[in-house]
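[1] Sequence first, predicted model second:
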Amino acid sequence: MNPERIPVIAVIGPTACGKTRRGVALARHFGGEIVSADSRQVYRGMDVGTGKDLADYGDVPYHLIDIAPAGHKYNLYEYLRDARAAVTDIESRGRRPIIVGGTGLYVESLLKGTELPEVPENPELRASLAGKSLDELASILARTKRLHNTTDIDTAQRAIRAIEIEAYYEANPEARRLAHDPTPIPAVIVGIDIPREERRRLVSERMRRRFDSEDMLAEVERLLAEGVDAEALIYYGLEYKYLTLHLTGKISRETMERELEIAIHQFAKRQMTWFRGMERRGFTINWLPYDMPDAEFCGAVEHLLAHA
């Protein structure tokens, strides 16, 4: 690690494992500020479905939450631009950045120091891919992908965008070279280690609470009433995809709840697959038990930092 720069702390793990709580505890312990690494918490008005839990932050400053309007298609280029600016700002004030989130693509690209050009839309490519199934698009992406994963690609629109980015790199080799010649950010990465069955239980319980309170359904109803396009909400996947399909009459409530629960469990599994892939790609992830008391958790991270 660069001795002139203190490591940032990154807290990662699957959905519903308690990352926000841990990040807040670390920020208070180390005098830090949180930089979110969640691909959907950037959107304003999308609170319940994305699990922002803003009240949990208390007096801890956070960044990259509520920075884009619902309906916008925030992307990796924008995230890296905004996250680097946030990290630089936090460090300039003598505080420690705490990166917290489950979007593996965002975390890995940021810590790796990936540089990306702003990739324009390709209307001809989009037209040629229109009508293809998600499986067909995923197959195309699997043959070409280098920077992109399938962690958040659970809709055709997201898959098409990923293919579009890869096509841009093929046509612009210099952009690919820059993207593959990174300057890493020194970091201590902490993973929240939670048994599979416990993770499944927490995911199901959280989803049930949100449905029982009707808050999640009301949130999507409000977004649609405010003019956010249904296709844009479907693009965001998971809760927003299935609730929108239900509210627009495409599927029943029973089908919505059943398919959403399955999709979230599959999503958590893909998240863990991504994190294990990070380890194979040379990142050291220090896994700590999900049920470790906060004081012990902070002490363990302090030990890791001392030996970084």
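    Yep, it's here. Numbers count the residues shown, from 1 in each chain.
[2] all helices in the protein, in order from the N-terminus.
    19-30, 76-92, 104-112, 123-129, 134-144, 156-171, 173-179, 196-213, 215-225, 230-235, 238-247, 253-280, 294-306 (DSSP state H).
[3] To S39, which of those helices lies closest?
    Proximity to S39 (C-beta to C-beta) singles out helix 104-112 among the helices of the chain, at 6.4 Å. Placement of C-beta: from N, CA and C, glycine included.
[4] what packs against that closest one?
    In terms of contacts (3 or more C-beta pairs under 8 Å, 6 or more residues apart in numbering; DSSP states H and E), helix 104-112 is packed against strand 8-12, helix 76-92, strand 96-100, strand 187-193, helix 253-280.
[5] Please identify which of these is closest to P289.
    In terms of C-beta to C-beta, the element of the helices and strands packed on helix 104-112 nearest to P289 is strand 187-193, at 5.6 Å.
[6] okay, the lowest-mean-pLDDT helix or strand in the chain in CSV with CA atoms only?
    Every helix and strand of the chain was ranked by mean pLDDT, DSSP states H and E. The lowest is helix 173-179, at a mean of 72. What follows is helix 173-179, C-alpha atoms only, in CSV (Å, rounded to 0.1, in the frame of the first residue of the first chain):
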residue,chain,number,x,y,z
PRO,A,173,-9.0,0.5,-27.9
GLU,A,174,-7.3,3.5,-26.1
ALA,A,175,-10.4,3.8,-23.9
ARG,A,176,-10.0,0.1,-22.9
ARG,A,177,-6.3,0.6,-22.3
LEU,A,178,-7.0,3.4,-19.8
ALA,A,179,-9.7,1.4,-18.2
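[7] In space, what's closest to the residue nearest to the spatial centre of the chain - neighbours in sequence excluded?
    With distances taken as C-alpha atoms, centre = their mean, the residue of the chain nearest its centroid is T103 (2.5 Å). Using C-beta to C-beta, 6 or more residues apart in numbering and skipping the chain neighbours, the partner closest in space to T103 is S39 (4.4 Å).
[8] Near the one you found, how many other residues are there?
    23 (other C-beta atoms under 10 Å).
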